[in-house]
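Undergrad: Got a predicted structure plus its sequence, pasted below:
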Amino acid sequence: MIFTRAYKEQWSLTNKLSFRFLFSYCVLYAFSGLLNALWNSPIHWIAKNIFSITRDFSSKGYGSGDTTYQYLLIVLLFFIALLSTLIWSIVDAKRASYNNMNYGFLVFLRIVLVYYLLVYGIIKVFHIQMIPPTYSQLIQPLGEMSPMRLAWVFMGFSKGYSMFAGGMEVLAALLLISRRTQTLGAMVAVAVMTQVFIMNLCFDIPVKLFSFHLLAFSCIVLLSDFNRFFSFLFLNKTPKEVSIYPKRNKEATKVIPIVKIAVVSLFIWFFSSTSVSRSERFMERLNPYMAGIWQVNSFKKNTETDISSNDDDKRWKNLVVSYKGAMGIQMMNDSIVYYKTKIDTIAKSIVFSKDSIDSKFDYRLSNEQRLFLRGIINKDTLEIELNRKTKQDFLLTSRGFHWINEYPLNK
């Protein structure tokens, strides 16, 4: 195999070439995000002269990891790695093996995997990567959701499932830390990252390139012990004992585990405490005053008693309160216009703000279930009566868990 945890005096030419290329590419990719300024010019040259891409594109991504820039970056890194392999092979042609560098490379990949698996795992455990469905999402028609939004609602709906998925990522990270358990950790990481990568593919989530590389890193670590786990899992043979290289002296054997435990514990503590703080802020935002879907019962505009429900772009259908400091007005055509809001509970007023224009409404709340609004928006005087609908009024968010089901509730 290309990578092995055992010492080999002589590597084959194929193994050396493969190692040089994979080492070059993986290290370049891992640090590519820190060198965006360096890649910018060559990437735009490749886009114009090789792929005839004339439109403008950015390196920022704005939340997407599958941009034109990122795909071209992969092409650039691939050819840099090929060139590096060629030069390396000429300069270092007489070297028999790369045992020490191979060990360092595997440690590097494990560090990268441990970092990202812990980061993404912890935020899933605390249920802040995919949050519970908001009121806006509950009234959004399923057919109007993007595949990514559907995946986010699916994952965010169940805190237990989110914690399980995150827990498996954390488990993989913890197992990858020690040399004794790194193969088992790599097996768990391959399983976890395969699920993540396939989900990104099937739900068009724009983290395909990044998740694929984490999966590839996991596979490389696993392949370093390929013969042993293949013999055990597929050939039903007892794996041969292998002397893991390099051997550590007694002092290193005692000190290194302590350092690992201290660093990882500090890392987990930091991200857990940060996640707890973020979770509290999320919950505060997701439980605002007057949270819910306020369904319009009566709608008066100017002198009209109740304008036609066919006036889709003017008549309100629902007032949606999902987040603190914001409200959405859903029209009869189901389009939603979002406003920043300030509620004065003393003066009983709500100020709707959009595009630097403020609209003030007086409100009256009756038994937390009925809302009366009166004010001016877009030069129209409105008087509106609304009834409240909470998450307990939706089957999805009120169904709960049942050990016993005489019949499946599939509706």
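TA: Nice, thanks for sending it over. Residues are numbered from 1 along each chain as shown.

Undergrad: For stretch 162-177, list every residue counted as buried.
TA: Residues of stretch 162-177 classed as buried by neighbour count (16 or more other C-beta atoms under 10 Å): 162-163, 165-166, 168-177. Every C-beta, even on glycine, is put in place using the N, C-alpha and C of the backbone.

Undergrad: Give the full set of residues in contact with residue 177.
TA: Contact partners of residue 177, counting by C-beta atoms under 8 Å, 6 or more residues apart in numbering, are 110, 114, 185, 260, 264.

Undergrad: now residue 272
TA: Here residue 272 is in contact with 122, 126 (C-beta under 8 Å, 6+ apart).

Undergrad: for the strand or helix carrying it, what is the average pLDDT?
TA: Assigned by DSSP states H and E, residue 272 belongs to helix 250-286. The average of the pLDDT scores along helix 250-286 is 80.

Undergrad: sorry, back to before: closest one to residue 339 out of the buried residues of stretch 162-177, please.
TA: For residue 339, the nearest member of these is residue 162. The distance, counting by C-beta to C-beta, is 30.2 Å.

Undergrad: Now stretch 270-280: buried residues?
TA: Within stretch 270-280, the residues scored as buried using 16+ other C-beta under 10 Å are 271, 275.

Undergrad: when you give positions from now on, start the count at 605
TA: New numbering, starting at 605: the last item is stretch 874-884.

Undergrad: got the buried residues for the helix holding residue 876?
TA: Residues of helix 854-890 classed as buried: 871-872, 875, 879, 886 (neighbour count, 16+ other C-beta under 10 Å).

Undergrad: Redo those as JSON lines? Include distance to residue 725.
TA: JSON lines is the format used below for the buried residues of helix 854-890 (distance: C-beta to C-beta, whole Å):
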{"residue": "871", "distance to residue 725": "12"}
{"residue": "872", "distance to residue 725": "10"}
{"residue": "875", "distance to residue 725": "9"}
{"residue": "879", "distance to residue 725": "10"}
{"residue": "886", "distance to residue 725": "18"}
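
Undergrad: can you pull out the helices in the stretch 805-954 of the chain?
TA: Counting by DSSP state H, counting those that start in this stretch, the stretch 805-954 of the chain has helices at residues 812-827, 830-837, 854-890.

Undergrad: got the contact list for residue 817?
TA: Here residue 817 is in contact with residue 633 (C-beta under 8 Å, 6+ apart).

Undergrad: do you know how far it is from residue 629?
TA: With distances taken as C-beta to C-beta, to the nearest Å, residue 817 is found 10 Å from residue 629.

Undergrad: Turn the helices of the stretch 805-954 of the chain into TSV, columns for distance to residue 615.
TA: Rendered in TSV, the data for the helices of the stretch 805-954 of the chain read as follows (distance: least, C-beta to C-beta, whole Å):
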stretch	distance to residue 615
helix 812-827	15
helix 830-837	16
helix 854-890	26
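
Undergrad: Which among these is found nearest to residue 750?
TA: Nearest to residue 750, of all the helices of the stretch 805-954 of the chain, is helix 812-827, at 15.1 Å by C-beta to C-beta.

Undergrad: what's the angle from the closest one to helix 830-837?
TA: Orientation check (axes from the mean of the first three to the mean of the last three C-alpha atoms, to 10 degrees): helix 812-827 against helix 830-837 gives 80 degrees.

Undergrad: Now find how far off-centre helix 812-827 is within its chain.
TA: The chain centre lies 16 Å from the centre of helix 812-827; the measure is C-alpha atoms, centre = their mean, to the nearest Å.

Undergrad: Can you give me the distance of the closest residue to residue 805 other than its chain neighbours to residue 939?
TA: In space, and not counting its chain neighbours, residue 805 is closest to residue 812: 6.1 Å by C-beta to C-beta, 6 or more residues apart in numbering. Distance of residue 812 to residue 939, given as C-beta to C-beta: 31 Å.
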